[in-house]
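K.L.:
Sequence first, then the predicted structure, then my questions.
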Amino acid sequence: MTTAPSSWPERTGGQVLIDQLRAQGVERLTCVPGESYLAALDALYDSGVEVISCRNEGGAAIMAEAYGKLTGRPGVCFVTRGPGATNASHGVHIAMQDSTPMILFIGQVDRSMREREAFQEVDYRAFFGGIAKWVVEIDSAARVPELVARAFRVAMQGRPGPVVIALPEDMLVETCRVADAPRVEAAEAWPAPADLARLAALLADARKPIAILGGSGWDEAACAAFARFAERAQLPVATSFRRASLMDADHPNYAGDLGIGPDASLKARVVDADLILLIGGRLSEMPSASYTLLDVPVPRQKLVHVHPGAEELGRVYQPTLAIQANPKAFSAALESLAVPATPAWAGSAKTAHAEYRAWTDTARTLPGAFQYGEAITWLRERLPQDAIICNGAGNYAGWLHRHHRFHRYGTQLAPTSGSMGYGVPAAVMAKRQRPESVVVAFAGDGCFLMNGQEFATAVQYDAAIIVVVVDNGQYGTIRMHQERDYPGRVVATRLSNPDFAAMAIAFGGHGESVATTAEFAPAFERALASGKPAILHCRLDPRAQSHARDYPA
């Protein structure tokens, strides 16, 4: 029986809003404070929700996106109107391309001032319409529970993604009597029995199948369930670009990741396959080698595409079998799927895994005293399996993706959108969310300075992350392509950098400079032992850039 409105407490729109976040289980959120949503900030005062105040809205939004990756529920970020919102678009775009649940709340001008181009007024439906799943402005405090509950559902269901909600300043101080909405749990799409029967038949007819795992909507149990199926089916399994933690790298069926410039043997395996089982991912530009691994619109390989969003099935590739299902539901359903007892492809998984190990085992020797690849292989053995690795974009990430091995779900935080400046803010959120885990952020010199100010946030909130800054004095990826296409005509890619170790100390953290390979391991151990946020400023010889094609981002 529903209670009468007269028995509900009178609350401001800001109070109603924060109560909805509590009802949805939000434990922490990020923000850059602003006058446009002071009433919501006030309601956070004694709410029990941790508020992480950041130094730039882009960093705040990235932290919220990282929360979505880590938990599977929407990360929440608050920013002010106008420049606050446009700065935060950085994180919204990442959440969209990475299929991450996230909600961005934006303070908005007073309702009476709309359509006048008032101070910092922006039409958020127009601005965010192409990079968010849903954009809405709440006109009445009484509708806050309805629309916030809907936002959580939209962010999580189907293909997950970002929702943007504008909050008129006067709406947040308006009072009303309204009931709270209950906690939202995403509805999961399950594969139909007929689809599973057809999948079994396709597997029975296959000679060279391969599975590719990607996208979002996974959890530890789903990854384990799929690994069991892969063992039973003797199936080689690859992961998509920056989704390597979906499969234990030591698993005998693991074939490697389809990043930018993958191992040639893995690329050939996908091209030569007669059946591809694509689960959760979209096989977009990066993992598909610019849409060359599969023909568009009809792949020459038989394609079974499993995805939670109906709009993604057949969007680029017309599959032999389209299954609308969440990766968790699909992996659970595979437990009872019949597979050939002696498949025609027996032994292919073992061969694929051996090729992956050979491709990743040993780093090449490059010019300079600091051998970055050797530092990665040392960390590969030193770090615990639950260590979380974060990075942004740039050639420096290629060494990491090739030589580090991920073992557990949720230990890789990296933007499939290729966004620079991601690693540091993502690491701050990871350390707040999983304080018991070692969290390491990798960043190039250009990448670090895009959101490096969030190192101050790490110090403020005692998030003892370790940031490895790989400094070669240039925007390396662009320089590589510049030298390839316009040799000898260097424009805009040289960088003059500060002393990043000194910067860490100035912020109140631990900082060290690393000039040689031998210096890296002891410097890392001291950084870890310091118990502080730390920066290791590693100087990479610029000549190593000429070898970066072997380690693409």
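P.N.:
Received it, and whenever you're ready, just let me know what you need.

K.L.:
Would you mind identifying the next helix or strand past the helix or strand of the chain with the lowest mean pLDDT?
P.N.:
Least confident helix or strand, the chain: helix 476-485 with a mean of 84, by mean pLDDT, DSSP states H and E. Using DSSP states H and E, the helix or strand that follows helix 476-485 in sequence is helix 500-507.

K.L.:
which other residues reach that next one?
P.N.:
With contact meaning CB atoms under 8 Å, 6 or more residues apart in numbering, helix 500-507 is reached by 445, 448, 452, 455-456, 459, 467, 469, 471, 510-513, 533-537. Just so you know, the C-beta spots here come from the backbone N, C-alpha and C atoms, and that holds for glycine as well.

K.L.:
what about the residue of the chain most remote from its centre, which SS state?
P.N.:
Distance from the centre of the chain peaks at Ser6, with 44.5 Å (CA atoms, centre = their mean). Three-state call for Ser6 (DSSP: H, G, I helix; E, B strand; the rest coil): helix.

K.L.:
Provide a list of residues in contact with it.
P.N.:
Ser6 sits in contact with Arg177, where contact means CB under 8 Å, 6+ apart.

K.L.:
how many neighbours does Trp190 have?
P.N.:
16 (other CB atoms under 10 Å).

K.L.:
Please tell me how far the residue farthest from the centre of the chain sits from Ala142.
P.N.:
14 Å (CB to CB, to the nearest Å).

K.L.:
check which helix or strand covers the residue nearest to Gly418 when sequence neighbours are not counted.
P.N.:
Spatially, and ignoring its direct neighbours in sequence, Gly418 is nearest to Ala393 (4.6 Å; CB to CB, 6 or more residues apart in numbering). Counting by DSSP H and E, there is no helix or strand that carries Ala393.

K.L.:
What separation is there between Ala393 and Met286?
P.N.:
11 Å.

K.L.:
any shared contact partners between these two?
P.N.:
The contact sets of Ala393 and Met286 overlap at Gly418 (CB under 8 Å, 6+ apart).

K.L.:
Comparing these two, which residue is more hemmed in?
P.N.:
Ala393 (23 against 20).

K.L.:
What separation do you get for the more buried one and Gly421?
P.N.:
Distance from Ala393 to Gly421, counting by CB to CB: 8 Å.

K.L.:
Could you pull out the residues contacting both of these two?
P.N.:
Contacts common to Ala393 and Gly421, judged by CB under 8 Å, 6+ apart, are Cys447.

K.L.:
how about the residue nearest to Gly418, phi and psi?
P.N.:
Phi and psi for Ala393, reported as degrees, to the nearest 10, are phi -120, psi 150.

K.L.:
do Gly488 as well
P.N.:
When read as degrees, to the nearest 10, the backbone of Gly488 gives phi 80, psi 0.

K.L.:
contacting residues around the residue nearest to Lys431 when sequence neighbours are not counted?
P.N.:
In space, and not counting its chain neighbours, Lys431 is closest to Ala463: 3.9 Å by CB to CB, 6+ apart. The contact partners of Ala463, by CB under 8 Å, 6+ apart, come to 427-428, 431-432, 439, 457, 533.

K.L.:
Recalculate using a threshold of 10 Å.
P.N.:
52, 427-433, 435, 439, 454-455, 457, 532-533 (CB atoms under 10 Å, 6 or more residues apart in numbering).

K.L.:
Secondary structure class of Thr30, three-state.
P.N.:
Thr30 ends up strand, using three-state DSSP.

K.L.:
what separates it from Ala230, distance-wise?
P.N.:
Distance from Thr30 to Ala230, counting by CB to CB: 37 Å.

K.L.:
Between those two, which has more neighbouring residues?
P.N.:
Thr30 (32 against 23).

K.L.:
and the more buried one, bridged to which residues?
P.N.:
Beta bridges link Thr30 to Ile52, Cys77, judged by DSSP bridges.

K.L.:
related to what we said a few turns ago, of all pairs in the contacts of Ala463, which one is the farthest apart?
P.N.:
Gln433 and Lys532 (18.8 Å; CB to CB).

K.L.:
Any of the contacts of Ala463 buried? List them.
P.N.:
Buried subset of those (neighbour count, 16 or more other CB atoms under 10 Å): 52, 427-433, 439, 454-455, 457, 532-533.

K.L.:
So His537 lies in a strand, does it not?
P.N.:
Yes. Secondary structure assignment places His537 in a strand (three-state DSSP).

K.L.:
Spatially nearest residue to it, not counting backbone neighbours?
P.N.:
Phe500 (3.9 Å).

K.L.:
Pull the number of nearby residues for that neighbour.
P.N.:
Neighbours of Phe500 using other CB under 10 Å come to 24.

K.L.:
and what of Gly488?
P.N.:
6.

K.L.:
For Gln482, see how far away it is.
P.N.:
Gly488 is 10 Å from Gln482, where distance means CB to CB.

K.L.:
Repeat that for Ala325.
P.N.:
For Ala325 relative to Gln482 (CB to CB), the value is 44 Å.

K.L.:
With Thr71 instead?
P.N.:
Per CB to CB, Thr71 is found 40 Å from Gln482.

K.L.:
any weak-confidence spans in the chain?
P.N.:
For the chain, the stretches flagged by pLDDT under 70 are 1-4, 545-553.

K.L.:
rerun that using 90 as the cut-off
P.N.:
The model of the chain has pLDDT under 90 over residues 1-8, 109-121, 260-261, 341, 366, 395, 472-484, 487-488, 490-496, 541-553.

K.L.:
My impression was that Val440 belongs to a strand - is that right?
P.N.:
Yes. Under three-state DSSP, Val440 falls within a strand.

K.L.:
Compare Thr71 and Gln482 and say which one has the larger neighbour count.
P.N.:
Per other CB under 10 Å, whichever of Thr71 and Gln482 has more neighbours is Gln482, with 18 against 15.

K.L.:
Please report phi then psi for the closest residue to that one other than its chain neighbours.
P.N.:
With sequence-adjacent residues excluded and distances taken as CB to CB, 6+ apart, Gln482 is closest to Thr493, at 5.9 Å. Main-chain torsions, Thr493, degrees, to the nearest 10: phi -110, psi -10.

K.L.:
what's the neighbour count on Thr493?
P.N.:
Using other CB under 10 Å: Thr493 sits among 18 other residues.

K.L.:
Also the one 10 residues further on?
P.N.:
Counted with other CB under 10 Å, residues neighbouring Met503 total 20.

K.L.:
mind listing the strands for the stretch 251-400 of the chain?
P.N.:
254-258, 275-279, 302-307, 321-324, 388-391 (DSSP state E, counting those that start in this stretch).

K.L.:
May I see these arranged in a markdown table, with distance to Gly214 and mean neighbour count as well?
P.N.:
A markdown table is the format used below for these (distance: least, CB to CB, whole Å; neighbours: other CB atoms under 10 Å):
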| stretch | distance to Gly214 | mean neighbour count |
| --- | --- | --- |
| strand 254-258 | 8 | 27 |
| strand 275-279 | 7 | 25 |
| strand 302-307 | 10 | 24 |
| strand 321-324 | 15 | 20 |
| strand 388-391 | 18 | 28 |
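
K.L.:
which stretch among those comes nearest Lys267?
P.N.:
Comparing the strands of the stretch 251-400 of the chain under CB to CB, the one sitting nearest is strand 254-258, at 7.7 Å.

K.L.:
What is the distance between that closest one and the centre of its chain?
P.N.:
Put simply, strand 254-258 sits 18 Å off its chain's centre (CA atoms, centre = their mean, to the nearest Å).

K.L.:
name the helices or strands packed onto that strand?
P.N.:
The contact analysis (3 or more CB pairs under 10 Å, 6 or more residues apart in numbering; DSSP states H and E) places strand 254-258 against strand 209-213, strand 237-240, helix 264-272, helix 348-360, helix 396-403.
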